[in-house]
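Trainee: Have a look; sequence and predicted model below, questions after that.
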Amino acid sequence: MTARVGVVTFPGSLDDGDAARAVRIAGAEPVRLWHGEAELHGVDAVVLPGGFSYGDYLRCGAIARFAPVMEKIIDAAGAGLPVLGICNGFQILCEAHLLPGALTRNQHLHFRNRDQILRIETTGTAWTNTFQPGQEVLIPVKNGEGCYVADPATLDELEAQGRVVARYVGGNPNGSQRDIAAITNQAGNVVGIMPHPEHAVEALTGPSLDGLGFFTSVLKHLVGTPA
(Lines give C-alpha, C1' and ligand atoms only; values in the text may rest on other atoms or scores of the structure.)
Protein backbone atom coordinates (compact mmCIF):
# COMPACT_ATOMS: atom_id res chain seq x y z
CA MET A 1 0.00 0.00 0.00
CA THR A 2 1.28 3.48 -0.89
CA ALA A 3 2.32 5.54 2.12
CA ARG A 4 0.29 8.69 2.73
CA VAL A 5 2.27 11.75 3.84
CA GLY A 6 0.39 14.78 5.07
CA VAL A 7 1.55 18.27 4.12
CA VAL A 8 0.11 21.06 6.28
CA THR A 9 -0.94 24.40 4.81
CA PHE A 10 -0.96 27.38 7.18
CA PRO A 11 -1.90 30.93 6.16
CA GLY A 12 1.40 32.16 4.71
CA SER A 13 2.84 28.75 3.78
CA LEU A 14 4.94 29.10 0.62
CA ASP A 15 6.47 25.68 0.13
CA ASP A 16 3.56 23.36 0.82
CA GLY A 17 3.13 22.67 -2.90
CA ASP A 18 6.84 21.95 -3.28
CA ALA A 19 6.77 19.61 -0.29
CA ALA A 20 3.77 17.75 -1.71
CA ARG A 21 5.59 17.40 -5.03
CA ALA A 22 8.68 16.02 -3.28
CA VAL A 23 6.52 13.48 -1.47
CA ARG A 24 5.01 12.39 -4.80
CA ILE A 25 8.41 12.13 -6.50
CA ALA A 26 9.66 9.98 -3.62
CA GLY A 27 6.83 7.54 -4.28
CA ALA A 28 4.26 8.41 -1.62
CA GLU A 29 0.80 9.95 -1.80
CA PRO A 30 0.72 13.56 -0.56
CA VAL A 31 -2.33 14.44 1.53
CA ARG A 32 -3.06 18.13 1.99
CA LEU A 33 -3.87 19.04 5.60
CA TRP A 34 -5.49 22.34 6.54
CA HIS A 35 -4.26 24.25 9.61
CA GLY A 36 -7.76 24.90 10.90
CA GLU A 37 -8.89 21.28 10.85
CA ALA A 38 -8.04 19.06 13.81
CA GLU A 39 -7.78 15.96 11.65
CA LEU A 40 -4.85 14.05 10.15
CA HIS A 41 -6.95 11.83 7.86
CA GLY A 42 -4.98 8.71 8.71
CA VAL A 43 -1.64 9.84 7.24
CA ASP A 44 1.51 7.86 7.92
CA ALA A 45 3.80 10.90 8.30
CA VAL A 46 3.56 14.69 8.25
CA VAL A 47 5.59 17.52 6.72
CA LEU A 48 5.38 21.05 8.12
CA PRO A 49 6.52 23.20 5.17
CA GLY A 50 8.42 26.45 4.87
CA GLY A 51 6.93 29.90 4.56
CA PHE A 52 5.63 32.53 6.94
CA SER A 53 2.82 30.91 8.91
CA TYR A 54 0.33 33.51 10.12
CA GLY A 55 2.68 36.17 8.77
CA ASP A 56 5.33 35.32 11.39
CA TYR A 57 3.58 37.69 13.79
CA LEU A 58 4.78 37.53 17.42
CA ARG A 59 7.57 35.03 16.61
CA CYS A 60 8.08 32.66 13.71
CA GLY A 61 5.82 29.67 14.32
CA ALA A 62 4.43 31.03 17.59
CA ILE A 63 0.84 31.25 16.34
CA ALA A 64 0.98 28.17 14.12
CA ARG A 65 1.91 26.11 17.16
CA PHE A 66 -1.68 26.64 18.40
CA ALA A 67 -3.40 25.71 15.13
CA PRO A 68 -6.02 22.96 15.54
CA VAL A 69 -4.07 20.59 13.31
CA MET A 70 -1.02 20.97 15.57
CA GLU A 71 -2.94 19.55 18.52
CA LYS A 72 -3.25 16.29 16.59
CA ILE A 73 0.32 16.42 15.30
CA ILE A 74 1.79 16.95 18.77
CA ASP A 75 -0.13 13.95 20.14
CA ALA A 76 0.69 11.78 17.12
CA ALA A 77 4.38 12.71 17.19
CA GLY A 78 4.50 11.63 20.82
CA ALA A 79 3.12 8.27 19.71
CA GLY A 80 5.79 7.88 17.01
CA LEU A 81 4.35 9.57 13.91
CA PRO A 82 7.24 10.77 11.68
CA VAL A 83 7.17 14.56 11.40
CA LEU A 84 9.53 16.71 9.31
CA GLY A 85 9.60 20.47 9.86
CA ILE A 86 11.30 22.46 7.09
CA CYS A 87 12.41 26.06 7.75
CA ASN A 88 9.23 27.63 9.17
CA GLY A 89 8.18 24.08 10.03
CA PHE A 90 11.37 23.74 12.12
CA GLN A 91 10.42 26.94 13.92
CA ILE A 92 6.94 25.55 14.59
CA LEU A 93 8.37 22.32 16.01
CA CYS A 94 10.49 24.31 18.44
CA GLU A 95 7.55 26.51 19.45
CA ALA A 96 5.50 23.34 20.01
CA HIS A 97 8.29 21.92 22.20
CA LEU A 98 8.61 18.87 20.00
CA LEU A 99 12.22 19.96 19.52
CA PRO A 100 14.42 21.97 21.91
CA GLY A 101 15.93 25.40 21.29
CA ALA A 102 14.75 28.20 19.03
CA LEU A 103 15.35 29.77 15.62
CA THR A 104 16.24 33.45 15.84
CA ARG A 105 17.15 36.31 13.52
CA ASN A 106 20.22 35.60 11.36
CA GLN A 107 23.24 37.04 13.14
CA HIS A 108 24.16 39.23 10.18
CA LEU A 109 20.53 40.49 9.99
CA HIS A 110 20.24 39.62 6.29
CA PHE A 111 18.05 37.15 4.46
CA ARG A 112 20.13 34.30 3.01
CA ASN A 113 19.15 32.49 -0.18
CA ARG A 114 21.84 30.19 -1.55
CA ASP A 115 22.79 26.60 -2.24
CA GLN A 116 24.37 25.18 0.90
CA ILE A 117 26.50 22.14 1.63
CA LEU A 118 25.39 20.13 4.65
CA ARG A 119 27.07 17.21 6.37
CA ILE A 120 24.70 14.49 7.51
CA GLU A 121 25.66 13.63 11.08
CA THR A 122 22.86 11.27 12.12
CA THR A 123 21.27 8.58 9.97
CA GLY A 124 19.26 6.89 12.71
CA THR A 125 16.15 9.00 12.17
CA ALA A 126 12.96 8.39 10.23
CA TRP A 127 14.03 11.09 7.76
CA THR A 128 17.75 10.36 7.22
CA ASN A 129 18.18 6.57 7.15
CA THR A 130 19.06 6.42 3.43
CA PHE A 131 22.11 8.67 3.88
CA GLN A 132 25.58 7.70 5.03
CA PRO A 133 27.12 9.22 8.19
CA GLY A 134 29.33 12.11 7.13
CA GLN A 135 27.76 12.34 3.67
CA GLU A 136 27.78 15.85 2.25
CA VAL A 137 24.70 17.04 0.39
CA LEU A 138 23.80 20.22 -1.48
CA ILE A 139 20.51 21.75 -0.33
CA PRO A 140 19.11 25.27 -0.85
CA VAL A 141 18.80 27.51 2.19
CA LYS A 142 16.52 30.57 2.33
CA ASN A 143 15.79 32.19 5.65
CA GLY A 144 15.93 35.40 7.63
CA GLU A 145 15.43 33.78 11.03
CA GLY A 146 17.34 30.55 10.77
CA CYS A 147 19.90 30.94 13.54
CA TYR A 148 19.56 27.92 15.81
CA VAL A 149 20.19 28.70 19.48
CA ALA A 150 19.92 26.74 22.71
CA ASP A 151 21.52 26.87 26.14
CA PRO A 152 24.90 25.11 26.50
CA ALA A 153 23.41 22.17 28.40
CA THR A 154 20.90 21.51 25.64
CA LEU A 155 23.56 21.77 22.95
CA ASP A 156 25.79 19.34 24.84
CA GLU A 157 22.86 16.96 25.25
CA LEU A 158 22.09 17.07 21.52
CA GLU A 159 25.73 16.29 20.74
CA ALA A 160 26.02 13.50 23.32
CA GLN A 161 22.81 11.80 22.18
CA GLY A 162 23.63 12.03 18.47
CA ARG A 163 20.66 14.31 17.82
CA VAL A 164 22.42 16.83 15.58
CA VAL A 165 21.13 15.62 12.22
CA ALA A 166 23.06 17.96 9.90
CA ARG A 167 25.59 20.79 10.04
CA TYR A 168 26.50 23.58 7.67
CA VAL A 169 29.76 23.04 5.79
CA GLY A 170 31.74 25.68 3.90
CA GLY A 171 30.27 28.62 5.74
CA ASN A 172 27.45 29.10 8.22
CA PRO A 173 24.65 31.07 6.49
CA ASN A 174 22.89 32.32 9.62
CA GLY A 175 25.18 32.00 12.65
CA SER A 176 23.54 28.87 14.06
CA GLN A 177 25.32 27.61 17.16
CA ARG A 178 27.75 24.77 16.44
CA ASP A 179 26.82 25.07 12.73
CA ILE A 180 23.59 23.17 13.41
CA ALA A 181 21.28 22.90 10.40
CA ALA A 182 18.97 20.12 11.63
CA ILE A 183 18.15 18.27 14.83
CA THR A 184 15.93 15.40 15.96
CA ASN A 185 14.02 14.40 19.08
CA GLN A 186 15.16 11.51 21.25
CA ALA A 187 12.96 8.99 19.44
CA GLY A 188 14.23 10.03 16.00
CA ASN A 189 10.78 10.41 14.47
CA VAL A 190 10.67 14.23 14.60
CA VAL A 191 13.26 16.18 12.59
CA GLY A 192 13.59 19.93 12.06
CA ILE A 193 15.78 21.24 9.24
CA MET A 194 16.36 24.85 8.24
CA PRO A 195 17.49 24.26 4.60
CA HIS A 196 14.92 23.10 2.02
CA PRO A 197 15.30 19.48 0.85
CA GLU A 198 12.04 19.77 -1.10
CA HIS A 199 13.85 22.15 -3.46
CA ALA A 200 16.51 19.55 -4.29
CA VAL A 201 14.51 16.66 -5.73
CA GLU A 202 14.59 17.32 -9.49
CA ALA A 203 17.44 17.99 -11.89
CA LEU A 204 15.45 20.66 -13.71
CA THR A 205 14.96 22.97 -10.73
CA GLY A 206 17.30 21.89 -7.93
CA PRO A 207 21.03 22.27 -7.46
CA SER A 208 21.08 18.51 -6.82
CA LEU A 209 18.82 15.54 -6.10
CA ASP A 210 20.21 15.29 -2.57
CA GLY A 211 17.03 16.43 -0.86
CA LEU A 212 15.11 13.41 -2.12
CA GLY A 213 16.81 11.23 0.49
CA PHE A 214 14.84 12.86 3.29
CA PHE A 215 11.57 11.77 1.68
CA THR A 216 12.66 8.29 0.61
CA SER A 217 14.02 7.76 4.12
CA VAL A 218 10.61 8.11 5.71
CA LEU A 219 9.17 5.59 3.24
CA LYS A 220 11.91 3.12 4.22
CA HIS A 221 11.18 3.83 7.87
CA LEU A 222 7.46 3.22 7.41
CA VAL A 223 8.06 -0.12 5.71
CA GLY A 224 10.03 -1.21 8.76
CA THR A 225 7.46 0.11 11.26
CA PRO A 226 4.90 -2.46 12.46
CA ALA A 227 1.28 -1.50 11.86
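Mentor: Structure's in. What do you need?
Trainee: shouldn't residue 202 be in contact with residue 211?
Mentor: No: using CB atoms under 8 Å, residue 202 makes no contact with residue 211, being 9.4 Å away. Yep, even glycine has a C-beta here, placed from its N, CA and C like the rest.
Trainee: Same drill for those two, tell me which one is more crowded.
Mentor: Ranked by neighbour count (other CB atoms under 10 Å), residue 202 and residue 211 place residue 211 first, with 27 against 14.
Trainee: which residues does that one contact?
Mentor: 22, 137, 139, 196-201 (CB atoms under 8 Å, 6 or more residues apart in numbering).
Trainee: from those, which would you call buried?
Mentor: 22, 137, 139, 196-201 (16 or more other CB atoms under 10 Å).
Trainee: Just give me the closest of the residues you listed to residue 217.
Mentor: Closest approach between those and residue 217, by CB to CB: residue 197, at 10.1 Å.
Trainee: which non-adjacent residue is nearest that closest one?
Mentor: Excluding the flanking residues, the one nearest residue 197 by CB to CB, 6 or more residues apart in numbering is residue 211, at 3.1 Å.
Trainee: Burial check on residue 148, number of neighbours?
Mentor: 28.
Trainee: Check the contacts of residue 211 and tell me the two furthest apart.
Mentor: Longest span within these, CB to CB: 22 and 137, 14.2 Å.
Trainee: What residue, apart from its backbone neighbours, is nearest residue 139 spatially?
Mentor: residue 195 (4.2 Å).
Trainee: Just put the buried ones among the contacts of residue 211 in a markdown table and tack on distance to residue 7.
Mentor: Formatted as a markdown table, these follow (distance: CB to CB, whole Å):
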| residue | distance to residue 7 |
| --- | --- |
| 22 | 9 |
| 137 | 22 |
| 139 | 18 |
| 196 | 14 |
| 197 | 13 |
| 198 | 9 |
| 199 | 14 |
| 200 | 17 |
| 201 | 14 |
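Trainee: Of those, which belong to helices?
Mentor: Those of the buried ones among the contacts of residue 211 mapping onto helices are residue 22, per DSSP state H.
Trainee: in stretch 145-160, what counts as buried?
Mentor: Buried, per 16+ other CB under 10 Å, within stretch 145-160: 145-150, 155, 158.
Trainee: Which ones among these lie within strands?
Mentor: 147-149 (DSSP state E).
Trainee: closest to residue 163 among these?
Mentor: residue 148 (12.3 Å).
Trainee: measure the residue lying closest to residue 128 once chain neighbours are set aside to residue 45 for me?
Mentor: Leaving aside its sequence neighbours, residue 128 sits nearest to residue 217 (CB to CB, 6+ apart; 5.5 Å). Distance from residue 217 to residue 45, counting by CB to CB, to the nearest Å: 10 Å.
Trainee: same question, residue 38
Mentor: In terms of CB to CB, residue 38 sits 18 Å off from residue 45.
Trainee: between the two, which one's more packed in?
Mentor: Higher neighbour count among residue 38 and residue 45: residue 45, with 26 against 13, using other CB under 10 Å.
Trainee: is it true that the more buried one touches residue 77?
Mentor: No: using CB under 8 Å, residue 45 is not in contact with residue 77, being 10.2 Å away.
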